[in-house]
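# here's my sequence, what's the structure:
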Amino acid sequence: MLLLALALAPAFAIMIYIYIKDKYEREPIPLLLKNFGLGASASIVITVVIGAFGNFFLPVINPESVLQQFVKAFILVALVEEFSKYVIVRYYAQRNKEFDEPFDGIVYAVMVAMGFAALENILYVFQYGMTNGIIRAFTAVPAHATFGILMGYFMGKAKFAKTKKEKIRLNLTGLFAATLFHGIYDFFLFINFIPGISIGAFLSLAIGLILSRKAIQKHQNISRFKH
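The predicted structure follows:
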């Protein structure tokens, strides 16, 4: 039970933080939990898919090839995972009538991301133990949150875009931003055979956190429910 609590606590803490930040017109909790559940379900599907996919392709990737680790980080992991989250936000959350201001893009994207991260975290913590859980509470889980905020920022704008072309552009920009930061974060961790290079992952996380804070403030400031 302690390991389970450790695995879930970071995700729930971030969800509560985002819920509080949605201070002008908060989303229905049941709907937020549904998005969280869909994110967790996506994590299960992706774990199975990558597991099966990996049996054919990952063994041939040279663990000390920078180029091949780049492909693994950006395509096999970042794009696949972020696309699964994107589909949920795009075709479930964004179409809901409760999605009625740009900030909701951040809220729903983070709920989906935290569902994904929570289940992923459970698997890692039960496999590698408490120390791993503590480290991930300050690294991997917040990283997933920043990916969600960056994606949601643009998808929140897309919901209220005036043209279909602009809507598509903004939605795909959200997917690109999340994939880019996810890929950078993983890439520097994957090439840890280069001494000291993993610091790049934490620098990218720091930048992601700064941009996420600005994204939250921008959407708060333009809320139509702000008095």
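# elements contacting the lowest-mean-pLDDT helix or strand in the chain?
The weakest-scoring helix or strand in the chain, judged by mean pLDDT, DSSP states H and E, is helix 29-56 (a mean of 84). Judged by 3 or more C-beta pairs under 8 Å, 6 or more residues apart in numbering; DSSP states H and E, helix 29-56 is in contact with helix 2-21, helix 80-88, helix 103-128. C-beta here means a position set from N, CA and C on the backbone, and glycine is covered the same way.
# which of those is buried the deepest?
Ranked by mean neighbour count, the helices and strands packed on helix 29-56 are led by helix 103-128 with a mean of 25 (mean count of other C-beta atoms under 10 Å).
# now the element after that helix, going C-ward?
Note on helix 103-128: by DSSP states H and E, the next helix or strand toward the C-terminus is helix 130-137.
# pull out the buried positions in that following helix.
132-133, 136-137 (16 or more other C-beta atoms under 10 Å).
# and the angle from it to helix 2-21?
10 degrees (axes from the mean of the first three to the mean of the last three C-alpha atoms, to 10 degrees).
# neighbouring contacts of helix 130-137?
Around helix 130-137, the neighbours that count as contacts under C-beta atoms under 8 Å, 6 or more residues apart in numbering are 2-3, 6-7, 9-10, 121, 124-125.
# swap the cut-off to 7 Å and go again
By C-beta atoms under 7 Å, 6 or more residues apart in numbering, the surrounding residues in contact with helix 130-137 are 3, 6-7, 9-10, 121, 124-125.
# just stretch 79-86 next, same as before
For stretch 79-86, contacts defined as C-beta under 7 Å, 6+ apart pick out 39, 42, 45-46, 50, 109, 112-113, 116, 147-148, 151, 175, 178-179, 182.
# most widely separated two among those residues?
50 and 109 (21.1 Å; C-beta to C-beta).
# how near is residue 123 to residue 43?
8 Å (C-beta to C-beta, to the nearest Å).
# that older thread, kindly reformat the helices and strands packed on helix 29-56 as JSON lines containing mean pLDDT.
Shown next, in JSON lines, are these (pLDDT from 0 to 100):
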{"stretch": "helix 2-21", "mean pLDDT": "95"}
{"stretch": "helix 80-88", "mean pLDDT": "96"}
{"stretch": "helix 103-128", "mean pLDDT": "95"}
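# turn those into a markdown table, including distance to residue 216.
Shown next, in a markdown table, are those (distance: least, C-beta to C-beta, whole Å):
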| stretch | distance to residue 216 |
| --- | --- |
| helix 2-21 | 6 |
| helix 80-88 | 18 |
| helix 103-128 | 6 |
